[in-house]
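> Quick one, what's the 3D model for this:
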Amino acid sequence: MHLVKKAENVRSCRNIFHAVIATLGLGLFNLVFVLVPFILLVLMLLFVFIMGVLFTIFGPVVFVYSVLQLLGMPSFAIWLSPLAGLFISIGMTSFGLLLIIGDYYLAPVLLSRRDPVPQMEYQRYHRHGAFPHELTET
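Okay, the predicted model is just below:
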């Protein structure tokens, strides 16, 4: 903010250039240190949700294959006995539902800030060029 005030008081090409560069630097800082972690967090939550949906969908598919194998029909199976396929299908479906439920409860915890005041004070410090206790209401 010091450079912006300096550019307002003494209007020269150099002061205006420095003020613009300082403002762009703060914008780049916010982009790298605020936006990128947020996007990575959202992608992680989306990945966990997709994996949960896939496990939940393929659990019943494995169940059908194991029942077909129990009935004597030849079917593709990676397990040795049809009974193992039944338990694998129950485990896959349960694990998928646990991933979905866990993602449902984890998303608000990770995406919401409990106390946004320190971040706002930090931003005010960068905007005004003073420490938070030195700032007065404007």
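
> And the lowest mean pLDDT element among the helices and strands of the chain?
When the helices and strands of the chain are scored by mean pLDDT, DSSP states H and E, helix 117-128 comes last with a mean of 60.

> Against residue 90, how distant is residue 47?
Separation of residue 47 from residue 90 (CB to CB, to the nearest Å): 24 Å. To be clear about C-beta, it is placed using only N, CA and C from the backbone, and glycine gets the same treatment.

> okay, the two: which has more neighbours?
A count of neighbours by other CB atoms under 10 Å puts residue 90 above the other of residue 47 and residue 90, at 14 against 11.

> can you pull the contacts of that one?
Residue 90 is in contact with 59, 63, counting by CB atoms under 8 Å, 6 or more residues apart in numbering.

> ok, it to residue 62 distance?
Separation of residue 90 from residue 62 (CB to CB) stands at 9 Å.

> Next: residue 55.
10 Å.

> Mind listing the shared neighbours of these two?
What both residue 55 and residue 62 touch, as defined by CB under 8 Å, 6+ apart, is the set residue 92.

> Spatially central residue in this protein, please.
Centroid-nearest residue in the chain, with CA atoms, centre = their mean: residue 41, separated by 1.7 Å.

> Could you check which helix or strand contains it?
helix 36-70 (DSSP states H and E).

> so what does that helix touch, helix or strand wise?
Packed against helix 36-70 by the contact rule (3 or more CB pairs under 8 Å, 6 or more residues apart in numbering; DSSP states H and E) you find helix 82-111.
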